[in-house]
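1. no sequence on hand, only this structure:
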């Protein structure tokens, strides 16, 4: 998706070329080619027009049926008429009998023969194999163009994957594979290096995605966190924290992300605020009791940590609303958050309840 956002014009041009090649070559000429029916002699190639006139003239010389000639050549539709083609052929032939048949046929059509009809130059026919159809080089060229388009698309895909993997500040979630490891963003907390290495599992035990869309006034998603054996560890979720204005639907200016741990007495909450709310001191002070304020930014990773759980909440998609009655970047039109849950190894977490330091020192 990044390549579409970063290179919209290249993407549009590539899509247009691929669509043109696929629609014209694959569908238009191979799958559903154009088929002509009910064509008149005047719509044929010059070589076939001459063959048609010659057959009519020979048949007329054999049976003398003038009505047949009128029916065959009187309804001719094209750049030249049937009698003009017959006279042009008569002028170019060296066979006297053939010339006489052609002139007699033209006389049946126009009533005067070839004396009043100027010689019509017959266009040169295409080389053998052309037949009035497509040039022989066109299909290979279009095939090469299609191949080039596929190569360009593959290059864009590879570059996009490379940029995603090397971009700073982007949290790449690990897959459920014990052969690979990942460290949650909670490594920036106040725990010691030894605790960081020992008390966090190497892969997330659960992943969730939630999307708020403007108009969903009842938005409040929650998810149960369980380990691989099905044991309940806690819950996490996202809900509406604050709105602005009094209109309906509500204009959400802040969301709250929360984490509940059954082994901890606390429920950790952080407030994801719009740009307007974050820099509005009064609104920021109002939301302060709900949790730590965080400025909403795409690709931002928000960390929540309890005694035995860690949540990485990454904003994967974000779009502000454009109501002219509200300040710019003041409410969310759409925002998607990906939640990844890690479990600390049992017995290694540092308790944060009151008096725990005194208990450790009292021995």
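-> Cool, the structure landed. Being a predicted model, the structure only gives us computed values, none of them experimental.

2. okay, now the sheet partners of the helix or strand where residue 233 lies, with direction.
-> Remark: residue 233 resides in strand 232-244, with elements defined by DSSP states H and E. Next to strand 232-244 in the sheet, as set by DSSP bridges, lie strand 220-226 (antiparallel), strand 251-261 (antiparallel).

3. any idea which helix or strand comes after the last one?
-> The reference is to strand 251-261. Defined by DSSP H and E, the subsequent element after strand 251-261 is strand 267-273.

4. next secondary structure after that next one?
-> Read in the C-terminal direction, the helix or strand following strand 267-273 is helix 275-278, with elements assigned using DSSP H and E.

5. after that next one, next one along is what?
-> With DSSP H and E setting the assignment, the helix or strand that follows helix 275-278 is helix 281-287.

6. show me where pLDDT drops low in this structure?
-> In the predicted model, the chain carries pLDDT under 70 at residues 1-10, 24-31, 38, 77-78, 116-138, 161-202, 346-363.

7. residue ranges of the strands in it, please?
-> Taking DSSP state E as the criterion, the chain contains strands spanning 206-213, 220-226, 232-244, 251-261, 267-273, 292-295, 301-305, 309-320, 332-343.

8. sort out which residues of the second one are buried, please.
-> What that stands for is strand 220-226. Burial within strand 220-226, assessed by neighbour count using 16 or more other CB atoms under 10 Å, is assigned to 221, 223, 225. (C-beta placed from N, C-alpha, C; glycine too.)

9. hang on, the earlier thing: centre of the chain to the strand holding residue 233, how far?
-> 32 Å (CA atoms, centre = their mean, to the nearest Å).

10. can you point out the buried residues in that strand?
-> 233-242, 244.

11. what's the answer for stretch 76-89, then?
-> Of the residues in stretch 76-89, those buried by neighbour count under the rule 16+ other CB under 10 Å are 76, 80-89.

12. what's the end-to-end length of that stretch?
-> Using CA to CA, to the nearest Å, the gap from the first to the last residue of stretch 76-89 comes to 16 Å.

13. name the surrounding residues that touch it.
-> The set of residues that contact stretch 76-89 without belonging to it, under CB atoms under 8 Å, 6 or more residues apart in numbering, is 40-43, 49-50, 53-54, 56-57, 72-74, 102-103, 105-106, 109-110, 113-114, 117, 119-122.

14. what's the burial count for residue 261?
-> As a burial measure, the neighbour count of residue 261 was computed by other CB atoms under 10 Å and equals 25.

15. could you report the separation of it from residue 307?
-> Using CB to CB, to the nearest Å, one gets 6 Å for the distance from residue 261 to residue 307.

16. can you check residue 96 too?
-> Going from residue 96 to residue 307 by CB to CB gives 114 Å.

17. more neighbours: these two, which one.
-> The residue with the greater number of neighbours, taking residue 96 and residue 307 and applying other CB under 10 Å, is residue 307; the counts read 17 against 8.
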